[in-house]
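J.: here is a sequence together with a model predicted from it:
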Amino acid sequence: MKQANIIVMGVSGSGKTTIGELLAQELGRPFYDGDDFHPAANVAKMAAGHPLTDEDRAGWLATLATHLGEWEAAGGAVLACSALKEVYRQTLQAGEQLPLTWVFLDGSRELLEARLEGRHDHYMKASMLDSQLTTLEKPTYGIRIELTNSETPAQVVARVVAELSVSAT
Ligand SMILES: Nc1ncnc2c1ncn2[C@@H]1O[C@H](COP(=O)(O)OP(=O)(O)O)[C@@H](O)[C@H]1O
Ligand SMILES: O=C(O)[C@H](O)[C@@H](O)[C@H](O)[C@H](O)COP(=O)(O)O
């Protein structure tokens, strides 16, 4: 049965992958990481410390939009995707028939920086945080989760699940 996809969004380090994976497990849905769909040139650019432009992101977002339509038809998935600007979110929505469910992980600069500095073996370094925050246009709809230093990923996911059930009623 067709079901809306859930997109876990936010800047680098906000926990999209960690929370998205656990949320998908909890809901019994497949999980996809938007990072896995970036062309190699985008990854190389970010790894070299250069923010992506709208043009760099266009093909990536179009690919994701196509996949979202397929995943929706297959029963709905959870996608971790930065989706920083409103126009990017509109591109993603265009691939889908039902309204996407947005989960925005919102954290302070300090929290995000600490998370990025604590994460190793990832091409995206903490030095990219400022450009990510400058690009971010916070959504005024969907579920917003304010991140704290004390909550475990499982606790964050429990909050998301509770909010999802409220928005479903
Ligand atoms: N609730 C949490 N508490 C503590 N650390 C977390 C939490 N959620 C994620 N992290 C850690 O923060 C870092 C960034 O998380 P990650 O899922 O890679 O974010 P993103 O995919 O948005 O870049 C990782 O090292 C991850 O283990
Ligand atoms: O649009 C972008 O600038 C990227 O999608 C970016 O937001 C994303 O954060 C990187 O791909 C790094 O991956 P992580 O989010 O896993 O750090």
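T.: Done, it's in. Numbers count the residues shown, from 1 in each chain. Ligands and ions are numbered 1, 2, ... in the order given.
J.: scan this protein for its longest helix.
T.: helix 54-73 (DSSP state H).
J.: in the lowest-mean-pLDDT helix or strand in the chain, what's buried?
T.: Lowest mean confidence among the helices and strands of the chain (mean pLDDT, DSSP states H and E): helix 153-168, at a mean of 93. The neighbour-count check on helix 153-168 (16 or more other C-beta atoms under 10 Å) flags 156-157, 160, 163-164 as buried. Placement of C-beta: from N, CA and C, glycine included.
J.: dump the residues you listed to TSV, plus distance to residue 82.
T.: Output for the buried residues of helix 153-168, formatted as TSV (distance: C-beta to C-beta, whole Å):
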residue	distance to residue 82
156	17
157	19
160	17
163	20
164	21
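J.: which two among those are spaced furthest apart?
T.: 156 and 164 (12.7 Å; C-beta to C-beta).
J.: ok, and what's touching the longest helix of the chain?
T.: 2-5, 30, 32, 34, 37-39, 41-42, 45, 77, 79, 81, 85, 87-88, 91-98, 100 (C-beta atoms under 8 Å, 6 or more residues apart in numbering).
J.: now swap in stretch 76-88 and tell me
T.: 2-12, 16-17, 19-21, 23-24, 27, 29-35, 54, 57, 61, 64, 68, 71, 89, 92, 102, 132, 135-137, 139.
J.: same thing but 6 Å
T.: The contact list for stretch 76-88 (C-beta atoms under 6 Å, 6 or more residues apart in numbering) reads 3-9, 16-17, 20, 23-24, 29-34, 61, 71, 89, 135-137.
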